[in-house]
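K.L.:
The sequence isn't on hand, but the structure is:
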């Protein structure tokens, strides 16, 4: 009868307020899902102003799954549940909760009820406890109801959960057991102890965790037994619960009980496969008793497992006081190498955080020169972490060793630390260190140096070690200014092998620092005046990186040189020229060069320059059209046709189309025509017009490649001949 009355009352309320609320509600709900959370707050405020009728109207929109779209109602009710829970809105919250309870009791579908319960979880307080309690005995709704009451967490909510625990069965019982643990209900301990010893495995594990969370000393024996289970899974779950129980003892003030449990676990779970237990027990122990855990942590440093040692060190780092860092510093000079390697970064971090202990700092610094390489490698980053500002000189001193990998590691660590004030120190170390370290110092100068260190780099180009000379040349490229270019050119003309290319790059880099772009090739042109044969060829090969009209004239002149190596270098330089100013000379060369390789190089240069997207399509086609006219053999014409394929214009297609009738070039011409005319992506319509259609029709007739033919056929269907 009561339920019937509520249904009638709700229906009456809806009828009385629906007409007024509905007219305002619909547009508000439509806007809710279109705005951000912040923008939705005013909309929620407007809905709340509609009062109970408005909320009832939304609740009435809820539908069972598959019976229609009630997304707006879900969205609005969830938003309201959070909105009315804000501070200072208790009257709004109470109104909202009353309406939700009415809707919950009236609803027939379990999913709808579950949704309403979850909103009560957000907005409800003691005023929702009675209504929620009625669903704890309903298996499908027990879980959401228990979660809601657990969230409310008042004495009344706790009492409601505890009241139904004795009669609960199966999944509902597990749900309630978990709630007892979350709420730490000591009155539930006797019942939970029975579940922990029962045959239902799910309830067993839930009860163990709940007992651990509650932390009642009466559960100690059951949890200790669970932690010693034979099954790996049960043992793991038991240990987890026992450690949680230990933490609860410490929180309750019984730190001795917590420490006892942790030390028991350290002894009884010492097998290698249970290293995780050792690490967790150490962390729990240290959290509970602080520095009193020092003996246990130091003992763990002797453990064979490096993960256990690492865990102990991480814990030690978090503890206050100076005694442990001092002991770590002592062990860092005496312990086995693996532990010493782990200790060094810890000591460095302790120092960097203000625990500046002389023993710790000196231990890390001394490790840079340890006889064991693994120790030295660990010390290099540790020194930088300990004191970034003061690490440069010790690390530079460490470069006195002769190990290339150590030198490279020092370089990586040093580079971010090097400032202008350190550069004289870098230069001063150059004559004092082995070759691998000299190369590293020069690399540092290349990355951080200035022209002030140029002389040091120049001097090192005479080093007996090839790796040092190459590093010096690289540094020259980074440091040299225009005044140093003559010296670099002199060095270039003497260089051999791999060093020649390195010096060439350094010369170009220095010339590129000349402010006037048209004068950057000047120093090389000056050297050309007296250079002959191989040296002249070397200088010619350097000019394309710099460009300029005068340099182009010099290169073009040497394409007619009587010396074969000079002529070849000039042709290659012309083919590599950086801008289209070289095109006329390249076309002439393509038509008149005495050798086929030189003709091909010239055409390749034209095609490369014509690929520059900064040029207009008309200019690119003009260059390629002239190149095609200069080409003598089919191989050369194929090269140019491939270049034309990259220019998507009617003019490019017109140049390609005649070659569809050339049996030797039909395949390349067809591929080029398709690439020019057909779409490149979904947004591209391709070229249009009668000329395009004619060319594509010809492709269909002559193409032997099925894919090319298919592309032409597809585009023909899209081409509008009159466009």
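P.N.:
It's in. The structure presented is a predicted model; accordingly, all values stated were derived computationally and were not measured.

K.L.:
When you work out contacts or count neighbours from here on, use the C-alpha atoms and nothing else.
P.N.:
Fine.

K.L.:
and residue 77, how many neighbours does it have?
P.N.:
Residues near residue 77, counting by other CA atoms under 10 Å, number 21.

K.L.:
thought it was touching residue 58?
P.N.:
Yes. Here residue 77 reaches residue 58: they are 7.4 Å apart, a contact under CA atoms under 8 Å.

K.L.:
list the helices and strands the helix or strand harbouring residue 98 packs on?
P.N.:
Using DSSP states H and E, residue 98 sits within helix 90-106. Applying 3 or more CA pairs under 8 Å, 6 or more residues apart in numbering; DSSP states H and E, we find helix 90-106 packed against helix 2-32, helix 51-60, helix 110-123, helix 126-133.

K.L.:
One more pass at 10 Å, please.
P.N.:
Judged by 3 or more CA pairs under 10 Å, 6 or more residues apart in numbering; DSSP states H and E, helix 90-106 is in contact with helix 2-32, helix 37-49, helix 51-60, helix 71-83, helix 110-123, helix 126-133.

K.L.:
okay, the angle between that helix and helix 37-49?
P.N.:
Interaxial angle of helix 90-106 relative to helix 37-49 (axes from the mean of the first three to the mean of the last three CA atoms, to 10 degrees): 80 degrees.

K.L.:
ok, and for helix 90-106, which residues are buried?
P.N.:
Neighbour-count burial for helix 90-106, counted by 16 or more other CA atoms under 10 Å, picks out 92-94, 96-106.

K.L.:
Report the rounded mean pLDDT for it.
P.N.:
Helix 90-106 carries an average pLDDT of 96.

K.L.:
Distance from that helix to the middle of the chain?
P.N.:
Its chain's average C-alpha position is 47 Å from that of helix 90-106, according to CA atoms, centre = their mean, to the nearest Å.

K.L.:
follow-up on the earlier one: by mean pLDDT, show me the worst of the helices and strands packed on helix 90-106.
P.N.:
When those are ranked by mean pLDDT, helix 2-32 comes last with a mean of 56.

K.L.:
Output the below-cut-off pLDDT ranges for the stretch 551-700 of the chain.
P.N.:
By pLDDT under 70, the stretch 551-700 of the chain has no low-scoring segment.

K.L.:
Helices of that one, start to end?
P.N.:
Along the stretch 551-700 of the chain, counting by DSSP state H, counting those that start in this stretch, helices occupy 564-575, 583-592, 596-610, 617-630, 634-644, 650-656, 666-677, 690-702.

K.L.:
Could you do the stretch 251-400 of the chain as well?
P.N.:
Ranges of helices in the stretch 251-400 of the chain, per DSSP H, counting those that start in this stretch, are 255-268, 275-289, 294-300, 306-318, 323-334, 337-352, 358-367, 373-386, 392-398.

K.L.:
now for the first one, which elements pack on it?
P.N.:
It stands for helix 255-268. Secondary-structure packing of helix 255-268 (3+ CA pairs under 10 Å, 6+ apart): helix 220-227, helix 232-251, helix 275-289, helix 294-300.

K.L.:
same thing but 7 Å
P.N.:
The criterion is 3 or more CA pairs under 7 Å, 6 or more residues apart in numbering; DSSP states H and E, and the helices and strands that helix 255-268 contacts are helix 232-251, helix 275-289.

K.L.:
Averaged pLDDT, the shortest one. What do you get?
P.N.:
Read it as helix 275-289. Helix 275-289 shows a mean pLDDT of 96.

K.L.:
want to throw the helices and strands packed on helix 90-106 into TSV with distance to residue 140?
P.N.:
Putting the helices and strands packed on helix 90-106 into TSV (distance: least, CA to CA, whole Å) gives the following:
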stretch	distance to residue 140
helix 2-32	20
helix 37-49	31
helix 51-60	21
helix 71-83	20
helix 110-123	7
helix 126-133	13
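
K.L.:
which stretch among the ones you listed comes nearest residue 148?
P.N.:
When the helices and strands packed on helix 90-106 are compared by CA to CA, helix 110-123 sits nearest residue 148, at 4.0 Å.

K.L.:
how many degrees apart are the closest one and helix 51-60 in direction?
P.N.:
Going by the same axes, to 10 degrees, helix 110-123 makes 140 degrees with helix 51-60.
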